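J.: Sequence and predicted structure are below.
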Amino acid sequence: MAVAAQNRDGISAPQQNHSVGWALASLSLATLLSSLGTSIASVGLPSLMQTFGASFQAVQWVVLAYLLAITTLIVSAGRLADMFGRRPLLLGGIALFTSASVFCGLAPTLWLLIAARAMQGLGAALMMALTLAFVAETVSKERTGSAMGLLGAMSAIGTTLGPSLGGLLIAGLGWRAIFLVNVPLGLLTFALAWRALPAHNNTSQAAQGKFDAMGTVLLALTLAAYALAMTLGRAHFGALNIGLLAATALGIGLFAAAQKRVRNPLVQLASFRDPRLTASLVMSLIVATVMMATLVVAPFYLSRGLGLDAAMVGLVLSTGPLVSALSALLAGRLSDRFGAHRMMVAGLTGLATGTFLLSLAMTKLGIASYAVPITVTCFGYALFQTSNNAAVMSGIGAGERGVISGLLNLSRNLGLVTGASVMGAIFAVASAGAGQGTGQDVLSSAAAARGMQVTFETATGLALVALLLALLSFRNAVKHARLGHSMRNA
């Protein structure tokens with residue numbers, strides 16, 4: 001692949017005649033890094049509480065700071081890359097993530113660790129926003145689905161690997177190792193990306209104008225308000241949460257007004273007039289909300305409803321991410337062969353079927369009552385996620401790939417945040433209602449099963465809404481294709 005030998009920022013790049021495989025390897029490692037950064041830290045919270053003598057409310061910010069940085073900055077990261085070049089921004093993101101990992105591992109106080117995690121989240125935002133955007137530049141349109149499937153598999157592997165790897169590192173080397181392990185992996189990722197990623201000019205005409213700083217600040221504050229509203233006081237949704245949601249609504253209005261007044265807005269609001277793009281973003285949010293229910297509710301069902309011990313719960317929970325990782329590669333090939341929109345519909349059908357089976361909460365079947373439905377659910381999820389990403393990114397112009405990739409990741413993150421709060425609350429209310437007036441034994445089994453049932457009945461309803469949107473989007477895509485064909489023949 002012949003490309004220019006120099007980037008926009010003046011950094012000399014090697015002649016790029018490497019295979020697409022090496023480029024995809026670097027993007028896959030970047031995806032693994034950002035996913036691992038999310039999952040590996042959670043297992044270290046008990047050790048951090050003991051080391052720093054802090055409360056859980058304090059140490060949870062080690063996780064929240066990372067997620068908030070990603071959520072608030074991922075769209076801005078995509079726009080910056082569209083303006084100034086994706087290669088230097090992705091390299092910068094990898095370097096920042098790796099450097100921040102060093103600071104995390106050496107942090108002498110909890111609050112310096114939290115600050116370093118926020119830096120790490122900024123690096124992860126750059127990586128997450130740009131890996132999808134780079135796929136459209138490094139592979140042909142016919143192979144986009146397979147490439148998206150590979151990235152999806154790496155994301156699932158990072159999610160699966162984090163808790164187990166983190167536990168081993170803490171047991172053998174202490175909590176600092178869960179952050180320092182990212183350093184050699186980050187250096188390898190940077191070296192591969194430096195040598196393999198295309199360095200040609202992929203900026204848009206928006207680079208000729210100023211970066212929308214006001215829009216960036218407004219969007220970041222709005223997203224932070226929403227994320228905090230969904231995460232603070234989880235079981236006690238009070239005045240602070242309501243105030244933050246009101247601030248979110250105000251922020252959305254101010255952001256939309258600001259985007260109409262600037263010459264080079266952070267987000268082109270006209271893009272949302274495309275019903276297919278809007279539907280894809282909404283579906284991504286809904287599906288992430290549904291999938292978060294499996295992470296929030298399943299541990300309680302397995303431990304209380306089925307009476308499994310902690311080790312067995314962890315083993316059974318790994319079924320979902322493992323199925324997602326294995327399915328993503330197949331999903332990419334199916335998307336390339338049969339079309340992204342068809343596979344989106346098929347994936348959401350599988351997702352709705354799986355969540356319906358989970359809602360039955362058939363405790364008499366034991367582990368199979370969870371393992372079989374979650375296999376169906378996660379296969380449907382992998383098929384949808386891969387196909388949705390491929391459909392969106394293959395239809396976007398080069399000048400908008402960064403910001404649209406950021407919006408895709410943002411919709412997923414917002415869904416995860418929403419799911420953790422809303423689905424967790426539904427489970428808590430349903431379980432409490434079933435446990436009233438009963439003994440502890442019934443509360444730990446029948447109540448957990450009832451909570452599982454109500455939560456996944458809700459999840460099934462959401463999955464059906466997403467399926468309806470996919471069917472409408474598929475119909476619009478068919479109409480658009482027929483119109484384009486008739487115009488070419490005219």
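T.: Good, I have the coordinates.

J.: check which helix or strand covers residue 116.
T.: Per DSSP states H and E, residue 116 falls inside helix 110-138.

J.: Pull the number of nearby residues for residue 38.
T.: Residues lying near residue 38 (other C-beta atoms under 10 Å) number 20. Placement of C-beta: from N, CA and C, glycine included.

J.: Touching, it and residue 66? I think so.
T.: Yes. The pair residue 38 and residue 66 qualifies as a contact (C-beta atoms under 8 Å) at a distance of 6.7 Å.

J.: which neighbours do those two share?
T.: Contact criterion C-beta atoms under 8 Å, 6 or more residues apart in numbering; residues shared by residue 38 and residue 66: residue 124.

J.: So which residues of the stretch 1-150 of the chain form helices?
T.: 20-42, 45-52, 56-59, 61-84, 86-106, 110-138, 144-173 (DSSP state H, counting those that start in this stretch).

J.: Tell me which of these sits nearest to residue 214.
T.: Each of the helices of the stretch 1-150 of the chain has some distance to residue 214 by C-beta to C-beta; the shortest is helix 61-84, at 11.6 Å.

J.: Alpha carbons only: can I get the closest one in PDB?
T.: C-alpha atoms of helix 61-84 as PDB (Å, rounded to 0.1, in the frame of the first residue of the first chain):
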ATOM      1  CA  TRP A  61     -13.700   6.300  40.800                       C
ATOM      2  CA  VAL A  62     -10.700   4.300  39.600                       C
ATOM      3  CA  VAL A  63     -13.300   2.700  37.200                       C
ATOM      4  CA  LEU A  64     -15.600   5.700  36.800                       C
ATOM      5  CA  ALA A  65     -12.800   8.100  35.800                       C
ATOM      6  CA  TYR A  66     -11.800   5.900  33.000                       C
ATOM      7  CA  LEU A  67     -15.300   5.400  31.700                       C
ATOM      8  CA  LEU A  68     -16.200   9.100  32.100                       C
ATOM      9  CA  ALA A  69     -13.200  10.200  30.100                       C
ATOM     10  CA  ILE A  70     -14.100   7.800  27.300                       C
ATOM     11  CA  THR A  71     -17.800   8.800  27.300                       C
ATOM     12  CA  THR A  72     -17.300  12.500  27.400                       C
ATOM     13  CA  LEU A  73     -14.400  12.800  24.900                       C
ATOM     14  CA  ILE A  74     -14.800  10.000  22.300                       C
ATOM     15  CA  VAL A  75     -16.800  12.200  19.800                       C
ATOM     16  CA  SER A  76     -14.300  15.000  20.100                       C
ATOM     17  CA  ALA A  77     -11.500  12.600  19.500                       C
ATOM     18  CA  GLY A  78     -13.100  11.400  16.300                       C
ATOM     19  CA  ARG A  79     -13.600  15.000  15.100                       C
ATOM     20  CA  LEU A  80     -10.000  15.900  15.800                       C
ATOM     21  CA  ALA A  81      -8.900  13.000  13.800                       C
ATOM     22  CA  ASP A  82     -11.100  14.000  10.900                       C
ATOM     23  CA  MET A  83      -9.500  17.400  11.000                       C
ATOM     24  CA  PHE A  84      -5.800  16.700  11.600                       C
END
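
J.: Domain-wise, how is this protein divided?
T.: According to automatic domain parsing, the chain comprises the domains 17-199, 212-263, 269-480.

J.: Could you export those domains to JSON lines, including columns for mean pLDDT?
T.: Converted to JSON lines, the domains of the chain look like this (pLDDT from 0 to 100):
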{"stretch": "domain 17-199", "mean pLDDT": "85"}
{"stretch": "domain 212-263", "mean pLDDT": "84"}
{"stretch": "domain 269-480", "mean pLDDT": "82"}
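
J.: Tell me, how many residues neighbour residue 196?
T.: Neighbours of residue 196 (other C-beta under 10 Å): 21.

J.: now do residue 383
T.: Neighbours around residue 383, by other C-beta under 10 Å: 28.

J.: and it, what is it in contact with?
T.: 327, 331, 334-335, 343-344, 346-347, 350.
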